[in-house]
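1. fold the following, please.
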Amino acid sequence: MFLKLLAIIVFATAVATTLLGLRHRQLQIAHETVNLHLRIDKGRQALWDLQTKIAEKLEPRALWSTIDEAPVQLEPSVPAGVAADGNEPR
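-> Okay, here's the model as predicted:
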């Protein structure tokens with residue numbers, strides 16, 4: 001009887017230790033995920049800042065005159081029949 005009780009205690013301890021290890025690994029992965037999301041957000045913010053700086057320095061009139069003077073034929077980046085916002089025309 002004592003050996004059975006000891007075996008149950010050892011088995012329960014092993015199961016508890018395994019579950020604790022799995023829970024710890026789950027928390028580590030969640031922490032890594034949060035850190036990666038923070039890095040992605042910082043990258044997006046930096047990209048938005050750069051896009052804003054480019055837009056501030058870009059003068060539409062000068063851009064259009066440069067495009068008109070350029071010896072290239074530009075095509076629209078939006079397919080025909082689709083508005084610039086991506087919606088179908090009404």
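
2. output the below-cut-off pLDDT ranges for the chain.
-> 78-90 (pLDDT under 70).

3. Asp49 versus the most centrally placed residue in it, what's the distance?
-> What sits nearest the mean C-alpha location of the chain, by C-alpha atoms, centre = their mean, is Ile40, with 5.3 Å. Taking C-beta to C-beta, to the nearest Å as the measure, Ile40 falls 15 Å from Asp49. C-beta coordinates here come from the backbone N, C-alpha and C atoms, glycine included.

4. just to revisit the earlier point, look up phi and psi at the residue nearest to the centre of the chain.
-> phi -60, psi -40 (degrees, to the nearest 10).

5. one more: Leu58?
-> Given degrees, to the nearest 10, the pair of backbone angles that Leu58 has is phi -80, psi 120.

6. check Gln73 too.
-> phi -100, psi 110.

7. same question, Pro76
-> Per degrees, to the nearest 10, the backbone of Pro76 is at phi -70, psi 150.

8. list the residues that contact it.
-> Contacts of Pro76 were listed using C-beta atoms under 8 Å, 6 or more residues apart in numbering, and none were found.
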